[in-house]
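A.B. asks: I would like the atomic coordinates for the input below:
(2 chains)
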Number of protein chains: 2
Amino acid sequence: MKFTINRNSFIRSFNDVSRAIPAKTTIPILTGIKLDLTNDGLLLTGSNSDISIETFMPVSDEELNLQIESVGSVVLTARFFGEVVKRLPEDEFTLEVRDNYQTRLTSGKSEFTVVGIDANDFPRLPEVEDQSELKIGADILRDLINQTVLAVSDQETRPILTGVNFTIDGNGLLAVATDSHRLSQRRLDLPDITSTYRMVIPGKSLQELSRMLADQSGDIALRISENQVLFSFGATKFYSRLLEGNYPDTARLIPTEHNVQLQLNASTFLAAIERAALLSHASRANVVRLVLTPADNSAILSGTSPDVGNVEEALTITALTGDELDISFNPDYMKDALRAFGPAEISLNFTTNLRPFTLVPTADGEHFVQLITPVRTFN
Amino acid sequence: MKFTINRNSFIRSFNDVSRAIPAKTTIPILTGIKLDLTNDGLLLTGSNSDISIETFMPVSDEELNLQIESVGSVVLTARFFGEVVKRLPEDEFTLEVRDNYQTRLTSGKSEFTVVGIDANDFPRLPEVEDQSELKIGADILRDLINQTVLAVSDQETRPILTGVNFTIDGNGLLAVATDSHRLSQRRLDLPDITSTYRMVIPGKSLQELSRMLADQSGDIALRISENQVLFSFGATKFYSRLLEGNYPDTARLIPTEHNVQLQLNASTFLAAIERAALLSHASRANVVRLVLTPADNSAILSGTSPDVGNVEEALTITALTGDELDISFNPDYMKDALRAFGPAEISLNFTTNLRPFTLVPTADGEHFVQLITPVRTFN
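C.D. replies: Numbers count the residues shown, from 1 in each chain, chains lettered A, B, ... in the order given. Just a heads-up that it's a prediction; the model follows:
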């Protein structure tokens, strides 16, 4: 195996694949990156137990300036190999696998020899059958991920809650996440869906995928098998395992009625929550309090720490209707929820100060809803 | 005490003073920032056991928009107070000290009350007598600090070596630092010095000072007392304690003759050292090897790790004269040394592979010299 390639183009592909490669693992070969060189081009593969990423650099891509002398495969320790390639002196470098997988990297007058491993020892990627394929715009998928993944659980006590639950059927796509204190649900209209798919994708996989989608445009192709999902875009394939088990029925959790409704701008509310959280974070309880008085059109947010002090702020609101309410909640859940709305006008719908309340965009309450459980206090 | 001030201007001064304020300390009041308001303006003070910083915001500065209602003093927990001010909603804020040093901060519709402390409990700043004052350009002082402080010791076994030794006399200013493995010496021509000063300033103080000088121009005024040095610039005063004890005589350590001289560009050499260090860092010894063969005009740098591999590079050099040499050294010392030269042409002067060697700018060997002790190996 021997080839010469443009260094910066190689580094870009290397960085994509590296997202799947763990720094530490109980399976040492997974700290490696696999290089497969055929006459068509160079395939890079990285994997951990949850995610696998493949990216292909075709010989036809002129930017790569890929010159193939002989084909073959090798696995190299990813982190170290990456450091070396990033520091090589010239625009191009040559990689040659020699006896015993000793791999020589040359660039200008610099010559590295690093230890390689037989590529046959690298685990095989999951197979996702070439069945029906779904397409979603990259920016739509990225938003959908970011708006739901915030509510997944980081506790392994109920593993199924560490994922986002996807249901795809004639009604479109429904994505729900909950850690049992809060919930986020996003609905997407998709045309022409005839089959039904259900899958729970690990939150960590989705976070990595979302980062990779940041500079993608166009459509992402989705293929689903029993225990794997494959997202394809450009020259990259992103595999994630699926979580096993039944996701709880969340539809019944979302209240359909309310007694109090507060409308305001999500980003100005976020700034006020961040101020109040300065005090709640200095306190053991980490709770802020919202007192709503519709007769006075008044919404007062406050936070207190016995040791440090207190803060009180009259919120700038758009509308307030219904009953009086005195409710307390975790400001960190509220911050996460508000960030997902950006600068939009939102409506908060409350029933009582003991029951979960919802947040929806004022302009469209159908496609995106978040739910937060209040904290019971003795004010 | 009550005043209103422009928030961003206040934050800038607050950030300067914060550099001296420790996050944790055995003297709790030192985690506070002191505010002293007189009819002339607002003085902020922060201090740890080594450094104290004062900055003054005069009522005459129109940008501050400082409106004084009543004078007084208070100490507030610096980190929390800073977080609050940074998150206040409006361009200005009002601070009022009330009963029991309860301090109220208002900005727009947001109102914080935080616990304050009696300013009389804050330690007094050291007094540096108004004797003769020395002036040095801010950028010259910053370079001088950065070029020497790299060689101070981080070990407390010989505390005096954690500082930079300054000697100011008729010959100008001489600054020397050494951790006993390497040494850096910078000389500055200063006109009209009639007295002699000697002081050892802690490296950590100098690092903070250097950061503060990053956006300063013009002259820095230096005043020295028995156990303190005061740097004044703009509205800011920076005090550092001095280290006690005698600094070792370093003049005799610097060799005056050499048998081998290598000239090359500091930044291309640095890149090669960084590549070689990738391997040496993967090895327990952390040593790189330089083989010089003047007859062939050849300088070969190499690094080896038994587990990972090796690297070898023919350096691009300007000139090489003298005897053959095979020498090994710590690449991290070399990296620090080379960074201090920027992109300059430098000369490395060697005697034998067991004796310290020097690095100087090829254009001026008088004002800046660094010394590195080689590592004895069994190549």
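
A.B. asks: and the residue of the stretch 101-250 of chain A found nearest chain B, bridged to which residues?
C.D. replies: Closest contact between the stretch 101-250 of chain A and chain B, by CB to the nearest CB, is at residue A:114 (3.8 Å). (Glycine included, C-beta is placed from N, CA and C.) Counting by DSSP bridges, residue A:114 is bridged to residue A:103, residue B:309.

A.B. asks: Could you tell me how far it is located from residue B:281?
C.D. replies: 14 Å (CB to CB, to the nearest Å).

A.B. asks: Wait, the residue of the stretch 101-250 of chain A closest to chain B touches residue A:81, no?
C.D. replies: Yes - judged on CB atoms under 8 Å, residue A:114 makes contact with residue A:81 at a distance of 6.6 Å.

A.B. asks: if we can go back for a sec, contacts only, for the residue of the stretch 101-250 of chain A closest to chain B.
C.D. replies: A:76, A:77, A:80, A:81, A:84, A:102, A:103, A:105, B:308, B:309 (CB atoms under 8 Å, 6 or more residues apart in numbering or on different chains).

A.B. asks: Can you pull the residues of chain A lying near chain B?
C.D. replies: Along chain A, the residues adjacent to chain B under the rule CB under 8 Å from any CB of the partner chain are A:77, A:80, A:83-84, A:87-89, A:102, A:109-115, A:271-272, A:274-275, A:278-279, A:282, A:307-316.

A.B. asks: one more time with 7 Å
C.D. replies: Taking CB under 7 Å from any CB of the partner chain as the contact definition, chain A meets chain B at A:80, A:83-84, A:87, A:89, A:109-115, A:271, A:274-275, A:278, A:282, A:308-314.

A.B. asks: would you list the contacts of residue A:114 in JSON lines and tack on distance to residue B:360, neighbour count and pLDDT?
C.D. replies: Formatted as JSON lines, the contacts of residue A:114 follow (distance: CB to CB, whole Å; neighbours: other CB atoms under 10 Å in any protein chain shown; pLDDT from 0 to 100):
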{"residue": "A:76", "distance to residue B:360": "40", "neighbour count": "26", "pLDDT": "97"}
{"residue": "A:77", "distance to residue B:360": "39", "neighbour count": "23", "pLDDT": "94"}
{"residue": "A:80", "distance to residue B:360": "35", "neighbour count": "21", "pLDDT": "93"}
{"residue": "A:81", "distance to residue B:360": "37", "neighbour count": "24", "pLDDT": "95"}
{"residue": "A:84", "distance to residue B:360": "31", "neighbour count": "23", "pLDDT": "95"}
{"residue": "A:102", "distance to residue B:360": "40", "neighbour count": "14", "pLDDT": "96"}
{"residue": "A:103", "distance to residue B:360": "39", "neighbour count": "22", "pLDDT": "97"}
{"residue": "A:105", "distance to residue B:360": "34", "neighbour count": "20", "pLDDT": "97"}
{"residue": "B:308", "distance to residue B:360": "34", "neighbour count": "21", "pLDDT": "89"}
{"residue": "B:309", "distance to residue B:360": "34", "neighbour count": "25", "pLDDT": "92"}
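
A.B. asks: which one of those sits closest to residue A:13?
C.D. replies: Of all these, residue A:13 sits closest to residue A:81, with 12.8 Å by CB to CB.

A.B. asks: any idea how far the residue of the stretch 201-350 of chain A found nearest chain B is from residue B:97?
C.D. replies: Going by CB to the nearest CB, chain B is nearest to residue A:309 of the stretch 201-350 of chain A, at 3.8 Å. Residue A:309 sits 13 Å away from residue B:97, going by CB to CB.

A.B. asks: quick one, what contacts residue A:82?
C.D. replies: A:14, A:18 (CB atoms under 7 Å, 6 or more residues apart in numbering or on different chains).

A.B. asks: phi, psi of it?
C.D. replies: phi -60, psi -40 (degrees, to the nearest 10).

A.B. asks: repeat for residue A:121
C.D. replies: phi -80, psi -10.

A.B. asks: wait, isn't it in contact with residue A:29?
C.D. replies: Yes - the pair residue A:121 / residue A:29 is scored as a contact, 5.5 Å apart, by CB atoms under 7 Å.

A.B. asks: Which one's more surrounded, the two?
C.D. replies: The neighbour comparison of residue A:121 against residue A:29 (other CB atoms under 10 Å in any protein chain shown) goes to residue A:29, with 16 against 11.

A.B. asks: Give me the distance between that one and residue A:188.
C.D. replies: Taken as CB to CB, the span from residue A:29 to residue A:188 is 38 Å.

A.B. asks: Ok, residue A:24 next?
C.D. replies: Taking CB to CB, one finds residue A:24 at 37 Å from residue A:188.

A.B. asks: which one of the two has more residues nearby?
C.D. replies: residue A:188 (19 against 7).

A.B. asks: who's in contact with the spatially most central residue of chain A?
C.D. replies: Of all residues in chain A, the one closest to the mean position by CA atoms, centre = their mean is residue A:207, 1.9 Å from it. Shown in contact with residue A:207 (CB under 7 Å, 6+ apart): residue A:149.

A.B. asks: I'd guess it is in a helix, am I close?
C.D. replies: Yes - under DSSP: H, G, I helix; E, B strand; the rest coil, residue A:207 falls within a helix.

A.B. asks: Residue A:51 versus that one, what's the distance?
C.D. replies: Residue A:207 is 10 Å from residue A:51, by CB to CB.

A.B. asks: Equivalent analysis for residue A:233, please.
C.D. replies: Residue A:233 is 15 Å from residue A:51, by CB to CB.

A.B. asks: Please identify which of those two sits among more neighbours.
C.D. replies: More neighbours surround residue A:51 than the other of residue A:233 and residue A:51, with 21 against 18 (other CB under 10 Å).
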